[in-house]
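> here's my sequence, what's the structure:
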Amino acid sequence: MEYIKTPKVENVRLIENHSRNKDIGTLYLTATHLIFVDSERKKEQWIVHSHIQNVEKLNLVQSGSPLRLRCKNFQVLNFIVAQERDCHDLYSSLMKLSKPVKLAELYAFSYNPREEQLAQHEGWDIFKLNNDFLQMGLPTLHWKISRINQDFDICETYPPIICVPSLATPALLLGSAAFRSKRRLPVLSYMHQRNSAVIVRCSQPMSGLNSRSIEDEAYVDLIRRSKPRANDFMYIVDTRPMINAMANRAQGKGYENTDVYENIKYHFLGIDNIHVMRSSLNKMLEICWDSNCSTSAWLDGLNSSGWQRHVHSVLQVSRFIAHAVGVEGRSVLVHCSDGWDRTAQVCSLASIMLEQRYRTIDGFLALVQREWLDFGHKFSHRCGHLDGDSREVSPIFTQFIDAVWQLLRLKPTWFQFNEKMLMDLHDHAYSCQFGTFLGNCARERITQNLSTRTYSLWGWMVKRVPLYTNPFYDTTKSELVDGKKVEHLLLPPTTPHFVKFWLAMYNRHTLSLQPREHFSVAMETMNSDAAKLEAEVTSLRKARNMLRSALGLRKKSEDQTIGKGTALSGAVVSVNHTILSNNNNNIKSRSNSTSSSSSTPSAQQAAESNNKSSTPPSSIVTSQATTATVDDSSSIVVFKNQANGDSPSSPENSSSTAYASAVDEPNESSSSGDDQQMKEVASELQRISTKCEGKVES
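Numbers count the residues shown, from 1 in each chain. This next block holds a predicted model:
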């Protein structure tokens, strides 16, 4: 509170970007938020201090002193303060409040979710790393879950438990960690349950110009052999451009030497570093916030920023890893420089492409917990939570969320969640409202006791699952890759133009560019209607089952009677139709030998005569079941017709096997007397069948 010089400023104008609307109201400055309330109290703007990226005090204008706020959730606010002194006080206060020095000054330590009904313990234990390993099918014959890093002795930025090869000894692990940057040795990130190929993540080796480590070489070879096809080669994917890796080699770091690491194929896949990504996003946001540029200038600015090109590059590296694991069945070792930026991006995206579980709400949040939080992405540095080195700030997590949205847009029915969940996840990584994303690694969060001092974002998001649910989600999708059907493998196209600009993310606060009905309202309405329909279907099924149970005995007996009558009546017409057709064919064949002038009437008369003479007597039709063999390839089974002589439906030819099974297999509910009666009917069938065959042939 000591930074707040003027807690309330009246007669302030709010000018929204890309809009001519000007709202006049009052600004309130609190310890956690900047609040704007218009004069009619119909509109409120709440801006948490952690979301403020920078504050600009512009030159004086006739109406007052302008103050511009650019936020990390891509919102731009332009205030015009009547008094220049009030504007300066606001500027000074916001500069201090938006960049706290200590972790305890962040919003998460004073946040109290009274209206959310959220308990402090909720969410902290939902996505445990050990449970995620168990869902992968670990441990296995080749991989074990190890607690060797329980006290963070091997690597301070790794979680307490890691998954390593079963044959790896502590000495081998310690030797490999000593040879890797920040001691981030290779550990399992993902295992394919069908072919046991794995994705392993780590940092660059400290190889320098000619250094090597026997332990690290043996450990990498052990990872390669830790699968059923132990003789396969393994990919090592260096996500950096080759020139960057060569420059690091001069500093004592570098990359693996293929002369000493056996049976590997090395690939440099060229994702740029954090500084290029920060500059690229800033260029894109400048053109998005420019309200005076033309369409052609906007497109040129978007293209020159390179943001979409970088997103495409990240997706293509992830695609290479997913194809190697899911299609080729080969293990992949992935690293960048320190293994917590580009490595986290591509390992997460490759897991989403490979595993349907990570396209669900719970699975995706568990993936973020594992790959980003547990394995040490530096959120406090990259998101600028505290006042520090601005060169450490970079939109790595923003780029990952954008890449996930590109996959969601490409296959919208393959994801259980929608873009609303992605945007909330992105915003709260920067808001510091919850303790989930505070700190740079798991060790810092444990040291700061965040689980007892702050609230969990996961507990808050779990309560909003209906809002995040995609109603078009389908779990039965599969994909054809190289002519083979691979279940649930999502490989994006390689063409760069499939990456689109995410308007709902980067211009969400520009109301003139958004649909009139907000997508969250439409999604909530759709999910509500779907829930009502599911409830109605459930109630109808219960009512149907109650009726069936109440009418069970009557229905069973009626089904037997109706089934016998229908089968018999249909069968008797079938035999009559067969005999008549066969006789007609015989007469036509005989009449073909006579003169053509008299063939037609004689055939018709013969057909009528034979039809009358060949039709079985009514006593036979109504009392017997007959099998009439027409030729060598088919036979028809005929049952009793109804005694009242009702006209049956049109006959259908069926195989003798189908009708024989209907006669030979008694109903489970029938009595032993019914069984005996069916046997008698079957024997009578054989007797009359021979008699009918003789009539047909004659």
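> in this protein, which ranges drop under the pLDDT threshold?
Where the chain drops to pLDDT under 70, the residues are 1, 17-20, 477-487, 511-521, 553-698.
> which residue is nearest the centroid of it?
Arg359 (2.0 Å; CA atoms, centre = their mean).
> right, and that one touches Leu349 too?
No - Arg359 is beyond contact range of Leu349, at 11.5 Å (criterion: CB atoms under 8 Å). Yep, even glycine has a C-beta here, placed from its N, CA and C like the rest.
> ok, now which ones touch the residue nearest to the centre of the chain?
Ile352, Trp414, Phe415, Gln416, Phe417, Leu490 (CB atoms under 8 Å, 6 or more residues apart in numbering).
> which of these fall in strands?
Among the contacts of Arg359, no residue falls in strands (DSSP state E).
> if you rank those by neighbours, which is first?
Taking other CB atoms under 10 Å as the neighbour criterion, Phe415 ranks highest of the contacts of Arg359 with 28 neighbours.
> that one reaches Phe472, doesn't it?
No - using CB under 8 Å, Phe415 is not in contact with Phe472; the gap is 9.1 Å.
> wait, what's in contact with Val368?
Ser348, Leu425.
> next, work out how far apart it and Phe379 are.
11 Å (CB to CB, to the nearest Å).
> how about His488?
Separation of His488 from Phe379 (CB to CB): 30 Å.
> neighbour count for those two, which is higher?
Remark: of His488 and Phe379, Phe379 carries more neighbours, 25 against 17, as counted by other CB under 10 Å.
> wait, which of the contacts of Arg359 is closest to Ser456?
Of all the contacts of Arg359, Ser456 sits closest to Phe417, with 18.2 Å by CB to CB.
> is the closest one in a bridge, and if so with what?
As for beta bridges, Phe417 partners with Thr469 under DSSP bridges.
> what is the burial count for Leu281?
Neighbours of Leu281 under the rule other CB under 10 Å: 21.
> swap in Asp38?
When neighbours are counted by other CB under 10 Å, Asp38 comes out with 15.
> contacting residues around the closest residue to Asp427 other than its chain neighbours?
Closest residue to Asp427 apart from its sequence neighbours, by CB to CB, 6 or more residues apart in numbering: Asn73 at 4.9 Å. With contacts defined as CB under 8 Å, 6+ apart, Asn73 is in contact with His51, His426, Asp427, Tyr430, Ser431, Arg508, His509.
> kindly reformat the residues you listed as a markdown table containing neighbour count and distance to Ala543.
Formatted as a markdown table, the contacts of Asn73 follow (neighbours: other CB atoms under 10 Å; distance: CB to CB, whole Å):
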| residue | neighbour count | distance to Ala543 |
| --- | --- | --- |
| His51 | 23 | 52 |
| His426 | 22 | 46 |
| Asp427 | 19 | 45 |
| Tyr430 | 24 | 51 |
| Ser431 | 23 | 48 |
| Arg508 | 18 | 45 |
| His509 | 19 | 49 |
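> strands - which of those residues land there?
Under the assignment DSSP E, those contribute nothing to strands.
> which residues does Ala442 contact?
With contacts defined as CB under 8 Å, 6+ apart, the neighbours of Ala442 are Tyr158, Pro159, Pro160, Leu373, Asp374, Gly376.
> picking up where we left off before, which among the contacts of Arg359 gets closest to Glu392?
Among the contacts of Arg359, and counting by CB to CB, the member closest to Glu392 is Ile352, at 26.9 Å.
> in contact with that closest one, which residues?
Tyr358, Arg359, Phe364, Leu367, Val404, Leu407, Leu490.
> so what's the third one closest to, chain neighbours aside?
It stands for Phe364. Nearest to Phe364 is Tyr358, by CB to CB, 6+ apart, at 5.7 Å.
> isn't the one you found right up against Ser351?
Yes - Tyr358 lies in contact with Ser351 (CB under 8 Å); the separation is 5.1 Å.
> need the helices for the stretch 151-300 of the chain, in chain order.
Ranges of helices in the stretch 151-300 of the chain, per DSSP state H, counting those that start in this stretch, are 170-178, 214-225, 242-249, 274-289, 295-305.
> redo the ones you listed as a markdown table? Include distance to Thr30.
Shown next, in a markdown table, are the helices of the stretch 151-300 of the chain (distance: least, CB to CB, whole Å):
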| stretch | distance to Thr30 |
| --- | --- |
| helix 170-178 | 46 |
| helix 214-225 | 52 |
| helix 242-249 | 44 |
| helix 274-289 | 26 |
| helix 295-305 | 35 |
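> deepest of those, which one?
Of the helices of the stretch 151-300 of the chain, the one with the most neighbours on average (mean count of other CB atoms under 10 Å) is helix 214-225, at a mean of 20.
> from the chain's centre, how far out does it sit?
Once both centres are worked out by CA atoms, centre = their mean, to the nearest Å, helix 214-225 turns out to sit 34 Å from its chain's centre.
> all numbers from here: first residue = 7
Okay, residue one is now 7; in that scheme the one you just asked about reads as helix 220-231.
> could you say what helices and strands it packs with?
Other helices and strands packing on helix 220-231, by 3 or more CB pairs under 8 Å, 6 or more residues apart in numbering; DSSP states H and E, are strand 168-171, helix 176-184, strand 240-244.
> related to what we said a few turns ago, from the contacts of Ala448, pick the one nearest Gln68.
Within the contacts of Ala448, the smallest distance to Gln68 is 50.2 Å, found for Leu379 (CB to CB).
> residues contacting Leu109?
Per CB under 8 Å, 6+ apart, neighbours of Leu109: Ser386, His391, Leu392, Leu444, Gly445, Gln454.
> and if you look at Gln141?
With contact taken as CB under 8 Å, 6+ apart, Gln141 is in contact with Arg363.
> neighbour-wise, which one of the contacts of Leu109 leads?
His391 (25 neighbours).
> that residue against Gln439, yeah?
No - the criterion here is CB under 8 Å, and His391 misses it with Gln439 at 11.5 Å.
> hey, what's in contact with both of those two?
Going by CB under 8 Å, 6+ apart, residues that sit against His391 and also against Gln439 are Ser56.
> now the residue nearest to the centre of the chain: how far from Leu496?
Distance from Arg365 to Leu496, by CB to CB: 8 Å.
> and if you look at Trp52?
Counting by CB to CB - Trp52 and Leu496 are separated by 37 Å.
> show me the contact partners of stretch 245-264.
By CB under 8 Å, 6+ apart, stretch 245-264 touches 187, 210-215, 217-218, 226, 242, 244, 270, 272, 274-279, 323, 340-343, 348-349, 352.
> list buried residues within these.
187, 210-213, 218, 226, 242, 244, 270, 274-275, 277-279, 323, 340-343, 348-349, 352 (16 or more other CB atoms under 10 Å).
> for the residue nearest to Arg284 when sequence neighbours are not counted, which residues are in contact?
Using CB to CB, 6+ apart and skipping the chain neighbours, the partner closest in space to Arg284 is Ser400 (4.6 Å). If you count contacts by CB under 8 Å, 6+ apart, Ser400 has them with Ile280, His281, Met283, Arg284, Asp347, Arg388.
> closest one to His316 out of the residues you listed, please.
Met283 (6.1 Å).
> pretty sure that closest one is in contact with Pro401, am I right?
Yes - in this structure Met283 lies within contact range of Pro401 using CB under 8 Å: 5.9 Å.
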